[in-house]
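[1] After the sequence you'll find the predicted model.
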Amino acid sequence: MNNNQKRLETAISNILRFGVLISVSLSTIGIILYYLSNGSEQVSLDSTWNVNTKNFFTFIYQVPFSSSSFDFILMSFGIVILMLTPYIRVITSIVYFAFVKDLKYLAITSIVFIIITLSLLRV
Amino acid sequence: MSSVLGGTIGALTGLGGAAIIIPILVLLGVPIKYAIAASMVAIIATSSGSASSYVRDELSNIRAAFYLEIFTVIGAIVGATITSFIAPVYLYFFFAFFLLTSFIGFSSSKHSDIPNTEQDKFAKWLRLEGSYYDKALGKEIYYKMTKPALAGPGMFVAGLAAGMLGIGAGAFKVSIHELVLKMPTKVSTATSNFIIGMTALAGSSVYFSSGLFFLNLAAPLAVGTTAGAFIGARILRRLTNKTSRYLFMIVLVYILVEMIYKGVTSL
């Protein structure tokens, strides 16, 4: 069982690392595009860049369809993927605890998961 | 302003990026709430990034992490919500206060190398124990944790601070891990890292719908911190312990002063 655990852990950390890498790459490309099209380094904090959707998941839907420039889309996906990395990590752990039938921790992990999901959904 | 990217690189000298980035951003003229919201997301990058270090994953105690996370997450959500509502001026002072406590915590770090083997009933029920292979010592170390009931509320406070200030509050968490739970140092750092990622996610979720979140601030920040962590780790190896402590102190004091100044001038 411990061996399985090790392999699971390796798999998870690879996913995480991969996820961060993709995220950062997307964002970087987005940033470069932004820089190219804007000419200056100035970051303008106006409403075009403001994120103000009802919740996280709405954001994921909206972005590809809203007007926005390609750099915005890239950065958005970059950030979205980034935010998903810990989320997936939690889900993986839930699966793990279910697999080894550790009910106590299945419950605990699920509590955490539910809290986070609720927060991503509401407000 | 997006040469903040470059700035964050310098930031990663061991304090934990966010605590330094936010002041830098503020210095550059960014309203503090925006800085906090953006940095919350950037922290996820540092957390997930370092959690990928295979050795660390072996080290982090997942059970402990999730148990503690329950408290931390709630704290973070509450904290982030508070920040969305209160006047920015309070945030400057809170930040300064937090830095102060980190300062104290840092100067008086003491931990024994002997693994703890006592456990209270609650800890036993939660099965808070584990083992890891310590490369430095060349052997497998078994450890147990204790007093989780006390650690819970502690983590709530840590989460609160994290959510409110947009930071990882890593130092605070590590001290709880070590002093209350009696975790071995390496496990403590690794577990803390894992926790921070989830906490940051929770915090970000609140900021997302608060209108305080700017993509063109967050994205460069995330990229910059990741790069910074990478570079910082390299540099750290070359510095002597004394130098890095010294550096740490200087930066800390500077930020402290700056935060207080900002707070006072906004009154």
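    Received, thanks.
[2] could I get stretch B:193-212 in PDB with only the CA atoms?
    Extracted in PDB, the C-alpha atoms of stretch B:193-212 (Å, rounded to 0.1, in the frame of the first residue of the first chain):
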ATOM      1  CA  ASN B 193       3.400  24.400   1.600                       C
ATOM      2  CA  PHE B 194       0.700  22.100   0.700                       C
ATOM      3  CA  ILE B 195      -1.700  23.900   3.000                       C
ATOM      4  CA  ILE B 196      -0.900  27.300   1.600                       C
ATOM      5  CA  GLY B 197      -1.900  26.200  -1.900                       C
ATOM      6  CA  MET B 198      -5.400  25.300  -0.900                       C
ATOM      7  CA  THR B 199      -5.800  28.200   1.400                       C
ATOM      8  CA  ALA B 200      -4.700  30.600  -1.400                       C
ATOM      9  CA  LEU B 201      -7.300  29.000  -3.700                       C
ATOM     10  CA  ALA B 202     -10.000  29.700  -1.100                       C
ATOM     11  CA  GLY B 203      -8.900  33.300  -0.600                       C
ATOM     12  CA  SER B 204      -8.700  33.900  -4.300                       C
ATOM     13  CA  SER B 205     -12.300  32.600  -4.800                       C
ATOM     14  CA  VAL B 206     -13.500  35.400  -2.600                       C
ATOM     15  CA  TYR B 207     -11.500  38.100  -4.300                       C
ATOM     16  CA  PHE B 208     -12.600  36.900  -7.700                       C
ATOM     17  CA  SER B 209     -16.100  38.000  -7.200                       C
ATOM     18  CA  SER B 210     -15.200  41.100  -5.200                       C
ATOM     19  CA  GLY B 211     -14.200  43.200  -8.100                       C
ATOM     20  CA  LEU B 212     -10.800  43.700  -6.600                       C
END
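[3] Could you tell me the average pLDDT over that stretch, please?
    In this model, stretch B:193-212 has a mean pLDDT of 78.
[4] And that stretch, what's buried?
    Buried positions in stretch B:193-212, judged by neighbour count with 16 or more other CB atoms under 10 Å in any protein chain shown: B:193-212. Backbone N, C-alpha and C define where each C-beta goes, glycine included.
[5] Now cross-check the residues you listed against chain A and list the overlap.
    Among the buried residues of stretch B:193-212, the residues lying close to chain A (CB under 8 Å from any CB of the partner chain) are B:194, B:197-198, B:200-202, B:204-206, B:208-211.
[6] So which of those sit within helices?
    B:194, B:197-198, B:200-202, B:204-206, B:208 (DSSP state H).
[7] In CSV, list the residues you listed along with distance to B:S188.
    Converted to CSV, these look like this (distance: CB to CB, whole Å):
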residue, distance to B:S188
B:F194, 11
B:G197, 16
B:M198, 16
B:A200, 18
B:L201, 21
B:A202, 21
B:S204, 24
B:S205, 26
B:V206, 27
B:F208, 30
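[8] farthest-separated two in the residues you listed?
    Pairwise distances across these peak at 22.0 Å for B:F194 and B:F208 (criterion: CB to CB).
[9] Surely B:A37 and B:S209 touch.
    No: look at B:A37 against B:S209 with CB atoms under 8 Å: they stay out of range, at 10.8 Å.
[10] pLDDT-wise, which helix or strand of chain A ranks last?
    Between all helices and strands in chain A, the lowest mean by mean pLDDT, DSSP states H and E belongs to strand A:50-51, at a mean of 57.
[11] Which pLDDT does the model give B:S244?
    Looking at B:S244, its pLDDT stands at 63.
[12] And for A:L120, the neighbour number?
    When neighbours are counted by other CB atoms under 10 Å in any protein chain shown, A:L120 registers 21.
[13] How about A:A11?
    Residues near A:A11, counting by other CB under 10 Å: 11.
[14] Quick check: chain neighbours aside, which residue is closest to it?
    A:T92 (8.0 Å; CB to CB, 6 or more residues apart in numbering or on different chains).
[15] Please verify my assumption that that neighbour contacts A:G19.
    No: contact criterion CB under 8 Å: A:T92 and A:G19 do not qualify, at 11.8 Å.
[16] Most widely separated two among the ones next to chain A among the buried residues of stretch B:193-212?
    B:F194 and B:G211 (29.9 Å).
[17] Okay, now the unreliable bits of chain A?
    For chain A, applying pLDDT under 70 flags the ranges A:1-10, A:13, A:34-69, A:71, A:122-123.
[18] ok and the residue in chain A nearest chain B?
    Taking CB to the nearest CB, chain B has its nearest neighbour within chain A at A:R17, 3.2 Å off.
[19] Compute the number of surrounding residues for that residue.
    The number of residues near A:R17, taken as other CB under 10 Å, comes to 18.
[20] Next one: it from A:A11, what distance?
    Applying CB to CB, to the nearest Å, the value for A:R17 to A:A11 is 11 Å.
[21] circling back to that earlier point, looking at A:T92 and A:G19, which is more packed in?
    It is A:G19, of A:T92 and A:G19, that has more neighbours when counted by other CB under 10 Å, with 24 against 17.
[22] Now do the contacts for the more buried one.
    By CB atoms under 8 Å, 6 or more residues apart in numbering or on different chains, the contact set of A:G19 is A:81-82, A:84-85, A:88, B:48.
[23] which secondary structure element contains it?
    Assessed by DSSP states H and E, A:G19 sits inside helix A:2-38.
[24] before we move on, what about B:A161?
    Here B:A161 sits within helix B:148-165, counting by DSSP H and E.
[25] wait, what's in contact with the nearest residue to A:I15 once chain neighbours are set aside?
    Sequence neighbours aside, A:I88 is the residue nearest to A:I15 in space, at 6.5 Å (criterion: CB to CB, 6+ apart). Contacts of A:I88 were listed using CB under 8 Å, 6+ apart, and they are A:15-16, A:19.
[26] A:K101 falls within a strand, correct?
    No: counting by DSSP: H, G, I helix; E, B strand; the rest coil, one finds A:K101 to be coil, located in no strand.
[27] Count the residues that sit near it.
    7.
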